Each structure stands twice: as C-alpha cells, then as structure tokens.
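J.: Can you look at this prediction? I've put the sequence above it.
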Amino acid sequence: MTKKILLSVFLLPAAMAFAQQYGGMWIPTELNEKEMKDLGMKISAKDIFNPQKASIKDAVVQFNGGCTAEIISPKGLLLTNHHCGYGQIQAHSTVENDLLSNGFWAKNMTGELANPGVTVDFIVDIKEVTNQILEGTDKLTEPELSKQIAKNIEVYKNSQKTDPYQSISVKSMYYGNKYYAYTIETFKDIRLVGAPPQSIGKFGSDTDNWVWPRHTGDFSMFRIYADKNNKPAEYSKDNVPYVPKHYLPVSIKDKNENDFTFVFGFPGRTTEYLPAIAVEKIMTEIDPARIAVRDVALKTLDEKMRADNATRIKYASKYASVANYWKKWIGEVEGLKKSNAVQKKVMYEGSLIAKNHEIKPTINQLNKLYNDQAPYALNNAYYTEVIRNAETLKLAGDYYYYISAVEAGRMDEKELAKVKNRLSSFYKDYSAELDAKVTAKLLALYANKTAPQFLPAGFDKFKNEAQNIQTIEEASKNSIITGRTAVNGASLTADIDKAFSNQDKLIKTLKKDPVYQLYVAMRDTYMKAADPQFTSLQTKIDALQKTFMAQQIATDKDRKFFPDANSTLRVTYGKVKGSSPRDAVSYDYQTHLAGVIEKYIPGDYEFDVPKKLIDLYNKKDYGNYKDKTGDVPVGFTATNHTTGGNSGSPALDANGNLVGLNFDRQWEGTMSDINYDPRFSRNIMVDTKYILFIIDKFADSKWLIDEMKIVK
C-alpha cells in the first residue's frame, strides 16, 4: 500500500493537470479565464457572464424546469432538443394531425402554438451567500443544523427585493460547504414554432441512445412572448415576441478536431467527489442490481413487443424510458472499470493523507459507514427497481397512497381528480396480462437476490419463476387493480368514475385485493427492515462527506474544484474530438447525412427516413450547409463534461457563436457523472449546419433563418 501511495503522489499532479484542461461544471462567476484562453477561447469571462450588462448568459435559459434552451434571434426564438419539447409536440398532436410523425412548422408568428404551464427561467444574477446561510450553525448537528440553515435561507430571501416575476433560489454547493443565491426571472408564454418529424428528431431512437456515431436531428423550436413592456406575463393574444438582452449568432463554419468549445446550461446531478468505497459500491453492487432488474423487465417486454404490433405501439415509450438508464448504467459500470476509477480514488486519497493526516480518520469512517450501509443500500436498489418496473405493483403503490390520503383526510375533490386522471393515463398503456409475466419474473429475481431478513414471511414461494407466472397470473385475474375484476359495477380500466363511485366499498375491496396485499407485505417489510437503517446511515454519510469535501479543498491546493452539478447554471469546456473507446476501435468526431441514409430502414420506427430528406440527399441540394467533405454534417463530439439537464444546451465556439446543440453522451463515457475521464468522455451535439439545413431545405421555413444572425 505504501508503494501505491508514493506512486500516486508522483503521478497525480500530472494526471490532475491534464484533467483540469477538460470537463468541469463551473459556476459562471468563477471561470478560469486563463485556462479557457490557453485552450483557444477568444472572448472574455465577462462576455459569458456579466450581471451588469448583456452577456451570453442572457441567451441561455432553463426550459420547463428540466432542460436547457438558448435564444437565437432578436425576436425571442428558442432552440432546444426535440426530446425536451416532446411533451408539447405530443400535446398538440391528434390522430388527424399527428405532429410527432409529421413534424410542425409555423408559417409565421400567428401560427405559433401556445403551451400552458411551460416556463423558461433566466438567471439574472449569482451571488455567494455562504456566510449569511451558515450564520449561527458552527456548533449545530442534525436535525438542528438543517432547521437553522432553512431559517437563514428564508431570512436571506425575504431581505432581497425582487419583481413579481422574479424569485430567489439558494443552493448548496460542495456538500453544504458553500451556498449561492440565484435571482431567477420566469417567462410563462412559450409557444411552439417548429419541430422536425420523429424520423429526424428521434432518428435511431432506442438503438442509438447513448451511442456514437449518431445521426439524430434532436431539436425543436419555441418562442418567448412578453407583455408590451418586454416583461414576463401570462399567455395573452396581445403579448409580443420577447426582445432579449443577448442572442446567439449561429455559426456554419466547418469544425476541426481540437477546436475549442464550451457548453452553457443546467446540468442535473453529478457525484465527482465521492470516496473510493462509494464508487466501488456503485460499480460492483448498486448499478448491477438495477441493471439486473431492468434486464428482466426489458427482455420480457421485448419478446411480446416483437410478436404483437399493438403491444409494440402501446409500450414503445415505456420501453424506451426503462431502457434509457439501463443502458446508461451498463456503460457507467464498464467505464468505471476501464478508467480504473476506484484505484484512482484510492491513490488520490493516499496522496491527500500524505499531506494531511486528519483525512485518514474521515476516510476510515466513510469506509465503515458505506460497508455498514451496503446490505440496506443493495435492498433499496432491488426493492425500488422492482416496484418501479413491475407496473402492477407500482399501481398497487398508487392505491396504497390513495387509501392513506383518504384515511388521513387529505383527499379532497381536486386531489381525487388528479388521482383518477393519473390512473386513467397509466391504464391507457397498461397490459395486465403482459405485466403479470414481468411482475412474476421480477419477484423471482427479488426472492433469489435478496437476503432473508429483507423478505416478507413466506416469500420463498416466489423463487421459482415458472411457478410464479401461474401464481401472479391468477392474482392478476382476481384483482381490481389490474382492471380484470370489477368494483362498484365497473372495471377501473374501463370506467374509473363508476369504479370510484362508492369510496368505502372501493377501499374495502382494495384492502382484500391479492395484488394490493402482496405490495403491502413487501412495502411493510422494506420500511421496517431496510429503509430506517439505510436513511440513518445515509444521513451520517452526508455529514461526513461535507467534512471530506472541505478537507479535499483545504489540502489539494493544486486542484481547482468545481461543485457537483445540481441543476444550476454551469459552464463546461473542452475540445472537438473523436475517440478510441476500445481496442482497435476509433471514431471520427463528425457524422454526416450520408450516415442517415446508410442507416435507413423503410417503415422502421427507429430508422425510417422522410422521402423529402432522401430526395434532398439524392439531389445533393445542400445549400450553404455542406462542409469541406461536400456533405451535410449531422452531429459531432467533444470533451465537454455534460449530464442530464444539459439536454438542449448551446455548444459555443471560441467566439461565443452557436455551433451545436447538446443532446447526449457517448456510451463508453457515461461514468463521467462519477469519474470524468477525458480519454473516454464525450458529449454529443447536433451540428448547427444540420439544424439550419432541416429548417431551410426540409421544412421550407426560411423565414426563421432570416431572423437569425448567421456566421459564415
């Protein structure tokens, strides 16, 4: 071990210096301008974020609370991902006018479509407020510590003057060692302007998800509307297009390997500073458990979906949702192993201990806590994934919380309407017969993989998968939850209002339901045998992680620390690069329209291609949008450190011009949430040339191009 630590002390500074040149999720008020300029940036940090005058941050918004978008015209035109606007495109679709399949392009502003409830948030200012938020907390421990911090946050927020359309959000950074206040301005009149058909916007769908090379035109367009004073307002026909403080020029210059790029957006969650023991548990226990559950569910669904077209249509969206993180976790495990993440963490911890002996007891205690928590954490992973992916049990959980709310007096008419709407929506794409098989197989997995102390009494009977299928099918047939048996003279799947007409009878029947009783047995056992211990140990881990984070910052003076992502505005920077993720495999940094045609499968739900796009390709009618190869570039990769929430983020060049639209990561580098490694980590972007080509040549919407400032 001593040799390993000495070796790490020798090697680590060089390794860290390399890592600092790529990735990072930097608070935009704390950018390392010199490093960015050394990598090729031509503008200043003040051009990126400046609360006193117009800067790039005034063109970047959080879209509808989960994605990022950017303004690309002086008339409030917004660009984001197709998958970020998918819900709005779907909401405007009907059988007669299927915008998902056909695409949508407003002919002018009067044809743009309103989207009630959709918002975009601008960050007006960012201030560090650590001293104010941690005032009076020096000697406090949980739960008093959290109470005092919450009180201090409210005091701070109440002391700030804001306009009616503004709010203050205070966010913890570095595991509670620092706090930042964000002044947010929210616009509520957001209208759909344009979206390509799914065959472009979702091209490659599940098969290409998390994969490079990629050929997806993952973009959609909206517009921000404001009142006559250019201020946020609720939807009104009298509102006018918002005039932004700044909008992004759109570049159609060719890209070259090693060009500087940066991505500006709202990344969701990363955990870069965990101890080695935590990464080891994720890699060897937690992720494999989650993968195993979803693997069973996906294989069972796929078998039926391939055999029955109606099932394929009904389950397409759900299958994609389940497969999304299943595929991500597989890539994460492989990436953690390939990048030697655990050993790197062990070596780094050794180098910290060599500089600061006070860190050793912290790491020792973290090791003990994670080992103590391991059996409960593993049960948490299996239990939550089984309940989530066995839809019949998930439904039982919904009814459990409905009964709890009724018995606690929390179920008024408004809440009941929400419950019924949610259930009706769920039943629409639910097959009781199919899910009985999924549930049976997942229960067998759970029974065989779970330690006896975490299983309800008599649960051994579920270990035999073949026998389970008969048992659960019988329970499903006799269940009102599945809709295969009536209550109050109606099936819950056919007439939910009638089934809910006699609440007392419904609740009595639910409590006797075999599926409900199975769920309650599993839940009660989990809540007694695992959840309290898991949660209690996690509280201790979180407190110690705060100490460990502070010790890392105080000890490693050579390293620049960015806070983990938490859905706040961040900047990440790197270079346009291809990759060599595996032996004898090399990927170029750029894909082209020719690759779309190569993947084309007529009529396929993932790889069909619109006839007009094929015609444009055959005629080579590319306009200004071809690159040096003579083809239209579709996507490209770079070393920017992105994660969920960065969907729709602008990728900008050295001069702050828009060159791409972030939408995914390369599968071999999905471990970057935990261990960013510039050898494997690549973010995937739609090329602006492809976006403009689709708008101009495919959609015949040159009026939108005319709004933009095109950099040639």
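T.: Great, that's in hand. Computed from a prediction, not measured in an experiment: that's the story for all the values here. Numbers count the residues shown, from 1 in each chain.

J.: And the helices in the stretch 401-550 of the chain?
T.: 413-428, 432-449, 465-477, 496-499, 503-512, 514-529, 531-555 (DSSP state H, counting those that start in this stretch).

J.: most packed of the ones you listed?
T.: Highest mean neighbour count of the helices of the stretch 401-550 of the chain: helix 432-449, a mean of 22 (counted as mean count of other CB atoms under 10 Å). C-betas here are computed from N, CA, C, even on glycine.

J.: pLDDT of that helix, averaged?
T.: Averaging pLDDT along helix 432-449 yields 97.

J.: now the angle from that helix to helix 465-477?
T.: On the basis of axes from the mean of the first three to the mean of the last three CA atoms, to 10 degrees, helix 432-449 is oriented at 130 degrees to helix 465-477.

J.: counting contacts, what elements does helix 432-449 pack onto?
T.: helix 287-307, helix 359-389, helix 391-407, helix 465-477 (3 or more CB pairs under 8 Å, 6 or more residues apart in numbering; DSSP states H and E).

J.: Out of those helices, which gets nearest to G335?
T.: With distances scored as CB to CB, the stretch of the helices and strands packed on helix 432-449 nearest to G335 is helix 287-307 (10.7 Å).

J.: Mind listing what's buried along the closest one?
T.: Along helix 287-307, these residues count as buried under the neighbour rule (16 or more other CB atoms under 10 Å): 287-294, 296-298, 300-301, 304-305.

J.: Please apply the same query to stretch 475-488.
T.: For stretch 475-488, by 16+ other CB under 10 Å, it's 475-476, 479-485, 487-488.

J.: gap between the nearest residue in space to T482 that is not next to it in sequence and V515?
T.: The shortest distance from T482 to any non-neighbouring residue, by CB to CB, 6 or more residues apart in numbering, is to A432 (3.9 Å). To V515, A432 is 10 Å away according to CB to CB, to the nearest Å.

J.: Tell me which residue lies farthest from the centre of the chain.
T.: Farthest-out residue of the chain from its mean C-alpha position, per CA atoms, centre = their mean: G489, at 42.2 Å.

J.: show me what contacts that residue?
T.: Each residue near G489 by CB atoms under 8 Å, 6 or more residues apart in numbering is listed here: K498.

J.: how does it look with 10 Å?
T.: By CB atoms under 10 Å, 6 or more residues apart in numbering, G489 lies in contact with 495, 498-499, 501-502.

J.: go on, S649?
T.: For S649, the contact set (CB under 10 Å, 6+ apart) comprises 60, 63, 67-70, 80-81, 262-267, 570-572, 640, 642, 660-663, 683, 685.

J.: Identify those among those residues that sit within strands.
T.: Those of these mapping onto strands are 60, 63, 67-70, 80, 262-265, 570-572, 660-663, 683, 685, per DSSP state E.

J.: which other helices and strands contact the helix or strand encompassing Y690?
T.: Applying DSSP states H and E as the criterion places Y690 in helix 688-693. Using 3 or more CB pairs under 10 Å, 6 or more residues apart in numbering; DSSP states H and E, the elements in contact with helix 688-693 are strand 250-251, strand 590-592, helix 593-599, strand 633-638, strand 658-665, helix 702-707, strand 710-711.

J.: Out of those, which is closest to S404?
T.: So among these, strand 658-665 is nearest, using CB to CB, at 39.0 Å.

J.: List the buried residues in stretch 145-160.
T.: Neighbour-count burial for stretch 145-160, counted by 16+ other CB under 10 Å, picks out 145, 148-149, 152-153, 156.

J.: quick one: E128 and A181 touch, right?
T.: Yes. Under the criterion of CB atoms under 10 Å, E128 makes contact with A181 at 7.9 Å.

J.: In terms of neighbours, single out the busier of those two.
T.: The neighbour comparison of E128 against A181 (other CB atoms under 10 Å) goes to A181, with 19 against 15.

J.: Return the residues in contact with that one.
T.: So A181 contacts 125-129, 132-133, 153, 156-157, 160, 168-171 (CB under 10 Å, 6+ apart).

J.: so of those residues, which ones are in helices?
T.: Among the contacts of A181, DSSP state H puts 132-133, 153, 156-157 in helices.

J.: thinking again about what came up before, determine which two of the buried residues of stretch 475-488 are furthest apart.
T.: Using CB to CB, the pair of those lying farthest apart is A475 and N488, separated by 20.7 Å.

J.: quick one on the thing from earlier: just the buried residues out of the contacts of S649, in ChimeraX syntax.
T.: Those of these that count as buried under 16+ other CB under 10 Å are selected in ChimeraX with:
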select :60,63,67,68,69,70,80,81,262,263,264,265,266,267,570,571,572,640,642,660,661,662,663,683,685
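
J.: wait, which of the contacts of A181 is closest to K689?
T.: For those, the closest approach to K689 (CB to CB) belongs to I126, at 33.1 Å.

J.: Can you get me a residue count around the closest one?
T.: For I126, the number of neighbouring residues by other CB under 10 Å comes to 20.

J.: how about the strands of the stretch 1-150 of the chain, start to end?
T.: Applying DSSP state E, counting those that start in this stretch to the stretch 1-150 of the chain gives strands spanning 23-26, 60-63, 67-71, 77-80, 104-105, 113-114, 120-128.

J.: Determine which of those shows the lowest mean per-residue pLDDT.
T.: Across those, the lowest-scoring stretch is strand 23-26, with a mean of 86.

J.: What helices and strands are in contact with it?
T.: helix 33-38, strand 260-265, strand 570-575.

J.: for the first one, the distance to its chain's centre please.
T.: The one in question is helix 33-38. Put simply, helix 33-38 sits 29 Å off its chain's centre (CA atoms, centre = their mean, to the nearest Å).

J.: Any chance you could list what contacts that helix?
T.: Residues outside helix 33-38 that contact it (CB under 10 Å, 6+ apart): 20-21, 24, 26, 32, 41-48, 260, 262, 560, 571, 573, 654.

J.: buried stuff in that helix?
T.: The neighbour-count check on helix 33-38 (16+ other CB under 10 Å) flags M36 as buried.

J.: before we move on, back to that, which one of the strands of the stretch 1-150 of the chain lies nearest to A354?
T.: strand 23-26 (25.2 Å).

J.: Output the closest one in CSV with nothing but the alpha carbons.
T.: Output in CSV follows, covering the C-alpha atoms of strand 23-26 (Å, rounded to 0.1, in the frame of the first residue of the first chain):
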residue,chain,number,x,y,z
GLY,A,23,-14.6,19.0,-18.5
GLY,A,24,-15.6,20.7,-15.3
MET,A,25,-19.0,22.1,-14.4
TRP,A,26,-18.0,25.6,-13.4
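
J.: Renumber starting at 52 from here on
T.: OK, 52 is where the count begins now, so the last one is strand 74-77.

J.: Parallel or antiparallel, list what pairs with it.
T.: Next to strand 74-77 in the sheet, as set by DSSP bridges, lie strand 621-626 (antiparallel).

J.: ok and the partner strand relative to strand 734-738, angle-wise?
T.: Angle, strand 621-626 to strand 734-738, by the same axes, to 10 degrees: 80 degrees.

J.: State the paired neighbours of the next helix or strand after strand 621-626 in the sheet, together with their directions.
T.: Of the helices and strands lying after strand 621-626 in sequence (DSSP H and E), the nearest is strand 630-633. With DSSP bridges as the test, strand 630-633 is paired with strand 636-638 (antiparallel).

J.: Check which residues of the partner strand are buried.
T.: By neighbour count on 16+ other CB under 10 Å, the buried set for strand 636-638 is Y638.

J.: Could I get the helices of the stretch 452-601 of the chain in JSON lines, plus columns for distance to Y656?
T.: Shown next, in JSON lines, are those (distance: least, CB to CB, whole Å):
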{"stretch": "helix 464-479", "distance to Y656": "19"}
{"stretch": "helix 483-500", "distance to Y656": "19"}
{"stretch": "helix 516-528", "distance to Y656": "28"}
{"stretch": "helix 547-550", "distance to Y656": "30"}
{"stretch": "helix 554-563", "distance to Y656": "37"}
{"stretch": "helix 565-580", "distance to Y656": "32"}
{"stretch": "helix 582-606", "distance to Y656": "40"}
